[in-house]
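Colleague: Sharing a model that was predicted from the sequence below.
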Amino acid sequence: MHELGIMTGVMDAAVKSAQEAGATRLLGVTLSIGEMTEAIEDALVFAFEALVEDDPFTKDAELTVNMIAPKSICLECGHEFVHDRFHLFCPECDSFCTQLICGRELQIDSIEVDLPDGDPGGSEGSAG
């Protein structure tokens, strides 16, 4: 199950970024994952839930996964088309000379964090 490895890397990066920003908690992560990575959305969610449940910094964080359908361009006729993982022939000219232009993404789109209200003195912003 490579989804656990994917989510471990995602969580490491998200937690590090949240902590560097001074967050008190990680509330959510939004990912874009291309279908050509062969990652299974339910397995990603399961791995995420397993990773966040015992850590007070991440407990109850939510995961949003945007699955990206494969899209290719035909190198013979220039037609762009969306397809599944297995049918790569151009629907216009039936050529197999195609190039994948999206569908292998694996990126963190955003993280949502809880930031402290400010310093104990009540002032916010930068010192002058």
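Modeller: Everything's here; your move.
Colleague: Could you give the average pLDDT over the longest helix along the chain?
Modeller: What stands out as the longest helix in the chain, according to DSSP state H, is helix 2-20. Per-residue confidence for helix 2-20 averages out to 95 on the pLDDT scale.
Colleague: Can you show me the helices along this protein?
Modeller: 2-20, 41-52.
Colleague: So which bits of the first one are buried?
Modeller: Read that as helix 2-20. Neighbour-count burial for helix 2-20, with 16 or more other CB atoms under 10 Å as criterion, is recorded at 3, 6-7, 10-11, 14-15, 18. C-beta coordinates here come from the backbone N, C-alpha and C atoms, glycine included.
Colleague: In TSV: those, plus distance to D117.
Modeller: Compiled in TSV, those are given as follows (distance: CB to CB, whole Å):
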residue	distance to D117
E3	36
I6	34
M7	31
V10	28
M11	26
A14	22
V15	21
A18	16
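Colleague: out of those residues, which one sits closest to R25?
Modeller: The nearest member of the buried residues of helix 2-20 to R25, counting by CB to CB, is A18 at 7.8 Å.
Colleague: Name the nearest residue to the residue nearest the centre of the chain, ignoring sequence neighbours.
Modeller: If you average the C-alpha coordinates of the chain and look for the closest C-alpha using CA atoms, centre = their mean, you land on L31, 1.9 Å from that point. Leaving aside its chain neighbours, L31 sits nearest to V65 (5.2 Å; criterion: CB to CB, 6 or more residues apart in numbering).
Colleague: what does T98 give?
Modeller: S72 (4.3 Å).
Colleague: Look at that neighbour and say how many residues are nearby.
Modeller: A count of nearby residues for S72, using other CB atoms under 10 Å, gives 21.
Colleague: residues touching C77, list them.
Modeller: 90, 92-93, 95 (CB atoms under 8 Å, 6 or more residues apart in numbering).
Colleague: Would you convert the residues you listed into JSON lines that also reports pLDDT?
Modeller: Output for the contacts of C77, formatted as JSON lines (pLDDT from 0 to 100):
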{"residue": "C90", "pLDDT": "96"}
{"residue": "E92", "pLDDT": "96"}
{"residue": "C93", "pLDDT": "96"}
{"residue": "S95", "pLDDT": "96"}
